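Engineer: Structure of the sequence below:
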Amino acid sequence: MKQPQNVYDNLEFFEKYNEMRQSKLNANELIEIPEIKAMLPNVKNKTVLDLGCGAGGMSRFFAEKGAKKVVGLDVSQNMMSLAKQLTTQDNIEFIQLSMEQLSKIKQKFDIVFSSLAFHYIENFKKLIKEISNLLNPGGVLLFSQEHPIATAPIFNDRSASSYIEVEGKRYYLLSDYNNNSQRVLNWMADSTIKYHRNFSTILNTLIENKFSILEVKESQPEKNAVKLVSKYKYQIDRPYFLYIKAQKAEEKK
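Structural biologist: Okay, here's the model as predicted:
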């Protein structure tokens, strides 16, 4: 099997990422986390699988909100070590495992959650099929990922501009939208690999695996986020994140 990407065990990447997250003035803290939390189903007395859990922040949040059991899964040893250091709840289990190896998980869950991790996974169809297998009938999948219009351009020159400005308004570059394939970019470290998928691929893959779409949202920062970081105002033209909540079909009686 092809080795899964593990950027967070790259020391340069891990240190830069932690520095960004600790500042609190980043898109994860100001935009993505508040927006995806607003979409969460009730986790009280539920079993939750947190895919790509990182340092375990959302896993701890689920436990605080009354989840019966939380399993946090991440490929990174650095992230797993940090998650265990920061966690005191005894109903959270952390497992160092890649999302490409989900078939090794044998228990079932009421909710599968993932924050900004799916765009690192090459085989999306396999991932969604295995998530469906892990969910109880009627279970909910909620995930965020980079927005497809952000991942689409095959454009790795960060010294150049990804937009043009005309009379004070930005117009962003968009190319290769229907070219569902690998993207290699320099973000935090050289040669970070992400995978672009258009909307139809994402939604149809969910539908093909017994999911009904409950809610779809695209990021729109609150006024406070724009006040703190002015560049976030440009998401009116180019949202950073896509959020999807879907439900696995109930078993027919």
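
Engineer: Any buried residues in stretch 106-113, and which?
Structural biologist: 109-113 (16 or more other Cβ atoms under 10 Å). Placement of C-beta: from N, CA and C, glycine included.

Engineer: Pick the one among these closest to Arg60.
Structural biologist: For these, the closest approach to Arg60 (Cβ to Cβ) belongs to Phe113, at 12.6 Å.

Engineer: Strands - which of the buried residues of stretch 106-113 land there?
Structural biologist: 109-113 (DSSP state E).

Engineer: okay, these in JSON lines with distance to Glu167 and pLDDT next?
Structural biologist: Formatted as JSON lines, those follow (distance: Cβ to Cβ, whole Å; pLDDT from 0 to 100):
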{"residue": "Phe109", "distance to Glu167": "51", "pLDDT": "98"}
{"residue": "Asp110", "distance to Glu167": "51", "pLDDT": "98"}
{"residue": "Ile111", "distance to Glu167": "47", "pLDDT": "98"}
{"residue": "Val112", "distance to Glu167": "46", "pLDDT": "98"}
{"residue": "Phe113", "distance to Glu167": "42", "pLDDT": "98"}
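
Engineer: Show me which of those residues is closest to Glu122.
Structural biologist: Val112 (19.0 Å).

Engineer: quick one on the thing from earlier: and the furthest pair within the buried residues of stretch 106-113?
Structural biologist: Among those, Asp110 and Phe113 lie farthest apart (Cβ to Cβ), at 10.7 Å.

Engineer: shared neighbours of these two, which are they?
Structural biologist: Val48 (Cβ atoms under 8 Å, 6 or more residues apart in numbering).

Engineer: For the spatially closest residue to Ala246 that is not a sequence neighbour, give the beta-bridge partners.
Structural biologist: Nearest residue to Ala246 in three dimensions, chain neighbours excluded: Phe211, at 4.0 Å (Cβ to Cβ, 6 or more residues apart in numbering). Legend: beta-bridge partners of Phe211 under DSSP bridges are Lys248.
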